[in-house]
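S.K.: predicted model, plus sequence, below.
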Amino acid sequence: MLGACHRQLVWVSQLSRCLQTAVNQSLHGKGWAENLEAETKAGLSEKPHLKEIVNYYYNKAAPLCEEDSLQKIRLGTYDKTLQMIRGTLGVMKPCNSVVTIAFPIRRETGEIETITGFRCQHSHHRTPTKGGIRFSETIDVGTIECFAQINSLTCSLNDVPFGGAKGGIRINPKNYTNRELEKIVRRFTVELGKKGFIGPGIDVMGPDLGTGEQEMNWIADTYRNTLGSQDLNAYACVTGKSKLMGGIHGRGSSPGKGLFLTVSEFVNDADFMRTVRLIPGIFKKTVIIQGFGNLGMHTARYFDREGAQTLGIIEKDVSIYNPEGINYEELAKWVAETGSLKGFPGAQETDRNLLHDKCDILIPCAVERVITSDDVDHIKAAIIVEGANCTMSPLAYEMILKKNILVIPDLLVNSGSACISYFEWLKNMRHVSFGRLTFKYNMEANRHLLNSVQTSIETLFNTDCPIIPSDEFSDKMAGASEKDFVNSGLNYTIEGTVETVRKYAKDKELGLDIRQACYAIAMSKIVNTYATAGYTFT
């Protein structure tokens, strides 16, 4: 414990000196550098609040953002340009709009209960804003603001044209009947509509912790039949719906697939793998996953498909471990039948902290702040993947970097959800599924092409010469289906984003500090948007 405290003081001292230089060079002492020393110390404390975590990383990346923005933006003199950039970085810290809603519902027992919910729109540099809605007894305004800011940066990093938002209702869904949950969700939707916090061009919600397709269907139906009754695009007010309600293929598995694709890009990079002393490639990599909800389940599925071995899975009530690897198909079937990991015959239950077990890839995808400075000396993974937001304290993160452990941050890992949400929103705004207008045409065009080639060859050589398409070409002859469009768009976006981040980290000599690269790139894009569009009524 004394060692951890000493390291904490060292980190605070070093970072304060580094960042204080930027404060001393400030034109007016305001903007992103305001209260910098206090925010740095708060972020490096043992148990920082989520907002303090995000502010720490934001402040750390701000000097890089300034440097990048000065190369792209020219607004008169150098001093005026720098003043605008620093002012904008200050504007980007707080959330633009926050609403707290309290309303009564009548329980089936006859009891009247007050329900509290929140919705936060972090940045309107792009509209609509976009972010999930969660059910949790522990949420507060500060937590929602933190997640909204992360969503802004995630969308910016992946060139998804949304601002960031987040919402939540302070309940434990297990304590309510299905009918009561429906009443809560529908009333919350109406209240958001009355306050201008929902709409296809205003604020688009999506599923998050404790919510899924059913809740999103209720939101869409409520909005369409109330505030959006005259809105042709009403169903675009929320993503993550069932396909019958305008949802899109692959939305449920997109967080897990996005995580897997992001990890694959790094694991196949020889330079990064040399640094963490691993052989490139997913095959035979050992994995431990914390959380077996939607994200954890699909993450395990994709890693299993590519030949990785899932050694352990951690849940809040039980942890299971198998040194030979856990069979995903058998585990998924068991959980579907029993609702729990307990008793699964394909692995042993264990009381030890599997976060400290030896593995190649550790994936915490359940809750925030699960890795602290006390855990660092015990972590034996070569790669940590942040499936959940803010899974480690900044102090732990800085210490982990010194151990040459690669941390793939939440901003990058959440690419899958952001992209698929954007695709579903586009589908709803276009009122036609991807591929529907071109499917038949492409199939006939490809058949005519094969027939033309066959006719030309037969005419030239005066003999029969049937042209038989390969199985792969036969599958593609009809053109891209919605599934093909979604998978292609997701792969393209993630590959491009990861390549941009890797190149930036190498150019700036950041080593394994991928998080700083992600923050700097995302923040620079938002600053450039404000610089291009300007500020309204200022």
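M.R.: Nice, thanks for sending it over. Numbers count the residues shown, from 1 in each chain.

S.K.: from now on I want contacts and neighbour counts done on CA atoms only, so please keep to that.
M.R.: Fine.

S.K.: point out where this protein drops to low pLDDT.
M.R.: By pLDDT under 70, the weakly predicted segments of the chain are 1-34, 477-479, 537-538.

S.K.: please enumerate the strands of it.
M.R.: For the chain, strands defined by DSSP state E occupy the ranges 97-106, 112-121, 129-135, 163-169, 203-207, 286-290, 309-314, 319-321, 348-350, 361-364, 383-385, 406-408.

S.K.: between those strands, which gets nearest to Val432?
M.R.: Val432 lies closest to strand 203-207 among these, at 18.9 Å (Cα to Cα).

S.K.: chain center to the closest one, what's the gap?
M.R.: Distance of strand 203-207 from the chain centroid (Cα atoms, centre = their mean, to the nearest Å) equals 14 Å.

S.K.: dump the C-alpha coordinates for that strand into PDB.
M.R.: What follows is strand 203-207 as a C-alpha-only set of coordinates in PDB (Å, rounded to 0.1, in the frame of the first residue of the first chain):
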ATOM      1  CA  ASP A 203     -31.500  13.300 -29.500                       C
ATOM      2  CA  VAL A 204     -31.500   9.600 -30.400                       C
ATOM      3  CA  MET A 205     -31.500   7.000 -27.700                       C
ATOM      4  CA  GLY A 206     -30.300   3.400 -27.700                       C
ATOM      5  CA  PRO A 207     -30.000   0.300 -25.500                       C
END
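
S.K.: next, the buried residues of that strand.
M.R.: For strand 203-207, a neighbour-count test (16 or more other Cα atoms under 10 Å) marks Asp203, Val204, Met205, Gly206, Pro207 as buried.

S.K.: right, and the first one touches Pro128 too?
M.R.: Yes. Applying Cα atoms under 8 Å, one finds Asp203 in contact with Pro128, separated by 5.0 Å.

S.K.: closest to Thr529 out of the strands of the chain?
M.R.: Nearest of these to Thr529, taken as Cα to Cα: strand 163-169 at 11.4 Å.

S.K.: list of residues touching the closest one?
M.R.: Contact partners of strand 163-169, identified using Cα atoms under 8 Å, 6 or more residues apart in numbering, comprise 115-137, 139, 144-145, 147-153, 155-156, 203, 205.

S.K.: just name the most buried of the strands of the chain.
M.R.: strand 163-169 (a mean of 30; mean count of other Cα atoms under 10 Å).

S.K.: now do that strand and strand 129-135, the angle between them.
M.R.: Between strand 163-169 and strand 129-135, the angle comes out at 20 degrees (axes from the mean of the first three to the mean of the last three Cα atoms, to 10 degrees).

S.K.: how many neighbours does Met92 have?
M.R.: The local packing of Met92 (other Cα atoms under 10 Å) involves 23 other residues.

S.K.: now for it: which residues touch it?
M.R.: By Cα under 8 Å, 6+ apart, the neighbours of Met92 are Ser123.

S.K.: ok, now with 10 Å
M.R.: By Cα atoms under 10 Å, 6 or more residues apart in numbering, Met92 lies in contact with 31-32, 58, 86, 122-125, 149, 152, 523, 526-527, 530.

S.K.: scan these and report the most crowded one.
M.R.: Compared across the contacts of Met92, Ser152 has the highest neighbour count, 31 neighbours, by other Cα under 10 Å.

S.K.: ok, the nearest residue to that one once chain neighbours are set aside to Cys120 distance?
M.R.: Nearest residue to Ser152, sequence neighbours excluded (Cα to Cα, 6 or more residues apart in numbering): Gly164, at 3.7 Å. With distances taken as Cα to Cα, to the nearest Å, Gly164 is found 9 Å from Cys120.

S.K.: which residues do the two both contact?
M.R.: Counting by Cα under 10 Å, 6+ apart, the residues touching both Gly164 and Cys120 are Cys95, Thr129, Lys130, Gly131, Glu145, Phe147, Ala148, Gln149, Asp203.

S.K.: look up how far Val141 lies from the first one.
M.R.: Using Cα to Cα, one gets 11 Å for the distance from Cys95 to Val141.

S.K.: before we move on, what about the third one?
M.R.: Distance check for Lys130 against Val141: by Cα to Cα, it reads 17 Å.

S.K.: next: the fourth one.
M.R.: The gap separating Gly131 from Val141 is 15 Å, by Cα to Cα.

S.K.: Lys316 and Val367: what is the separation?
M.R.: For Lys316, the distance to Val367 equals 10 Å [Cα to Cα].

S.K.: higher neighbour count, these two?
M.R.: Neighbours per residue (other Cα under 10 Å) separate Lys316 from Val367, with Val367 holding more: 15 against 9.

S.K.: neighbours of Tyr422, how many?
M.R.: A count of neighbours around Tyr422, defined by other Cα under 10 Å, yields 19.

S.K.: residues contacting the nearest residue to it once chain neighbours are set aside?
M.R.: Nearest non-adjacent residue to Tyr422, counting by Cα to Cα, 6+ apart: Val160, 6.8 Å away. Val160 makes contacts with 126, 130, 152-154, 415, 418-423, 493, as judged by Cα under 10 Å, 6+ apart.

S.K.: check contacts around the residue nearest to Gly210 when sequence neighbours are not counted.
M.R.: Once flanking residues are discounted, Gly210 sits nearest to Phe135: 5.1 Å by Cα to Cα, 6+ apart. Neighbour list for Phe135: 117, 167-174, 207-211 [criterion: Cα under 10 Å, 6+ apart].

S.K.: turn the residues you listed into JSON lines, columns for distance to Leu82.
M.R.: Below are the contacts of Phe135 laid out as JSON lines (distance: Cα to Cα, whole Å):
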{"residue": "Gly117", "distance to Leu82": "39"}
{"residue": "Gly167", "distance to Leu82": "34"}
{"residue": "Gly168", "distance to Leu82": "37"}
{"residue": "Ile169", "distance to Leu82": "40"}
{"residue": "Arg170", "distance to Leu82": "42"}
{"residue": "Ile171", "distance to Leu82": "45"}
{"residue": "Asn172", "distance to Leu82": "47"}
{"residue": "Pro173", "distance to Leu82": "48"}
{"residue": "Lys174", "distance to Leu82": "51"}
{"residue": "Pro207", "distance to Leu82": "39"}
{"residue": "Asp208", "distance to Leu82": "38"}
{"residue": "Leu209", "distance to Leu82": "40"}
{"residue": "Gly210", "distance to Leu82": "43"}
{"residue": "Thr211", "distance to Leu82": "43"}
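
S.K.: and those residues, which two are the farthest apart?
M.R.: The most widely separated members of those are Gly167 and Lys174, with 18.9 Å between them, by Cα to Cα.

S.K.: returning to what we had before: between the contacts of Met92, which is closest to Arg224?
M.R.: Nearest to Arg224, judged by Cα to Cα, of these is His124 at 23.8 Å.

S.K.: distance check, that closest one against Gly247.
M.R.: From His124 over to Gly247 the distance is 25 Å, taken as Cα to Cα.

S.K.: good, wrapping up.
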